[in-house]
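Student: What shape does this take:
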Amino acid sequence: MSEPIWNKFLTERDKAVFATSGYGARGGFGKRPALLIIDVNYAFCDERPMPILESIKRWRNSCGEDAWVAMPYLKTLIEKARAKGIPVIYTTGVRREDNWDGGSWNWKNSRSDEDRSSRPATNVDGNDIVAEIAPAVQDIVVLKQKPSGFFGTNMASYLTLLGCDSVIVTGTTTSGCVRATVLDAFSLNYRIALAEEACFDRSQASHAINLCDMNAKYADVVKTSEVLAFFDSLPDSMFDLPKGSAPAPKPKLAANF
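Tutor: Coordinates of the predicted model:
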């Protein structure tokens, strides 16, 4: 069995602490999961695979090629969830055109003005979900303005409506919106798993260390293949999903991270 992705970033002291502290116990899957796809949009992925240092010239929040390494894993999870009738819930950002509601997002990045003043030449909206994994009519899209998929949104009420007891979390960024969503799900007493290969970040070190920290305290970090096997073990069509009305047109958006 391969060692965890984060081990190469840990000191020997860190490894000893985790080995003896009791953290990192397996929490286990729930019985009624939803699959969460956090912010897999063009602002974080670009429209095509590109080296990150090139991609961030166009999209300041891009995770570059690592986003596209994750894409086949995301696609496989989404297709399996749909085939089993498991809820697929996407998040992406929403802003006023004048970016007034960007609020604290504007304080920590010197390029935040780009969220309202410029777009790549293709005129792609940064918060549009990447076409390769675009929502289907039975899927749910949650619009948010802050890192967590729960903060100021209907996420929890949708999970209650669906009768979910657990979430499988994927998407980006591992250290930002994914982690914030995991922490809020943990605080609401959901069981949580992260599909390791289906999460990504612009910083490889941040990605690995945040997976380590979430696995230690809040969630199970598992291989995508294990999530797929879990989905296969569940009965078909457990959930009362939306019946197929097309999503309403979105307002014009500014990139959120």
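
Student: Where does the prediction get shaky in the stretch 1-150 of the chain?
Tutor: 1, 116-122 (pLDDT under 70).

Student: can you give me the helices in it?
Tutor: Secondary structure of the stretch 1-150 of the chain by DSSP state H, counting those that start in this stretch: the helices cover 12-21, 42-45, 52-58, 65-84, 114-117.

Student: same check, this time on the stretch 151-257 of the chain
Tutor: 155-162, 179-187, 204-217, 224-233.

Student: Next up, the contacts around the closest residue to residue 46 other than its chain neighbours.
Tutor: Spatial nearest neighbour of residue 46, excluding adjacent residues (Cβ to Cβ, 6 or more residues apart in numbering): residue 55 at 4.5 Å. All C-beta spots, glycine's among them, are computed from the backbone N, C-alpha and C. Applying Cβ atoms under 8 Å, 6 or more residues apart in numbering, we find residue 55 in contact with 46, 62, 63, 64, 65.

Student: what about burial for those residues, which qualify?
Tutor: Neighbour-count burial (16 or more other Cβ atoms under 10 Å) is assigned, among the contacts of residue 55, to 46, 62, 63, 64, 65.

Student: So what are the sheet partners of the longest strand anywhere in the chain and their directions?
Tutor: The longest strand of the chain (DSSP state E) is strand 191-200. If you go by DSSP bridges, strand 191-200 pairs up with strand 166-172 (parallel), strand 220-222 (parallel).

Student: check contacts around residue 136.
Tutor: 82, 88.

Student: State the pLDDT value of residue 247.
Tutor: Residue 247 carries a pLDDT value of 52.

Student: which one is residue 64 nearest to, not counting chain neighbours?
Tutor: Nearest to residue 64 is residue 52, by Cβ to Cβ, 6+ apart, at 2.6 Å.

Student: Counting neighbours, what do you get for the one you found?
Tutor: Neighbourhood size, residue 52 [other Cβ atoms under 10 Å]: 17.

Student: about what we covered before: out of the strands paired with strand 191-200, flag the one nearest residue 86.
Tutor: strand 166-172 (8.5 Å; Cβ to Cβ).

Student: then that closest one to CSV, C-alphas only?
Tutor: Extracted as CSV, the C-alpha positions of strand 166-172 are listed here (Å, rounded to 0.1, in the frame of the first residue of the first chain):
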residue,chain,number,x,y,z
SER,A,166,-22.9,12.0,4.9
VAL,A,167,-21.0,13.8,2.1
ILE,A,168,-18.3,12.8,-0.3
VAL,A,169,-16.3,16.0,-0.9
THR,A,170,-14.3,16.7,-4.1
GLY,A,171,-13.1,19.8,-5.9
THR,A,172,-11.0,22.8,-5.1
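
Student: now stretch 226-239, how far from the chain's geometric center?
Tutor: The gap between the average C-alpha position of stretch 226-239 and the chain average comes to 20 Å, counting by Cα atoms, centre = their mean, to the nearest Å.

Student: before we move on, what about stretch 72-84?
Tutor: Counting by Cα atoms, centre = their mean, stretch 72-84 comes out at 14 Å from the chain centroid.

Student: What are the buried residues along it?
Tutor: Going by 16+ other Cβ under 10 Å, stretch 72-84 has these buried residues: 73, 74, 76, 77, 78, 80, 81, 82, 84.

Student: quick one: the second one from residue 138, how far?
Tutor: When Cβ to Cβ, to the nearest Å is applied, the distance between residue 74 and residue 138 equals 17 Å.

Student: of all the strands paired with strand 191-200, which gets the most neighbours per residue?
Tutor: Counting by mean count of other Cβ atoms under 10 Å, strand 166-172 has the highest mean neighbour count of those, with a mean of 27.

Student: Do me a favour and average the pLDDT over it.
Tutor: 98.

Student: Thanks again, I'm all set now.
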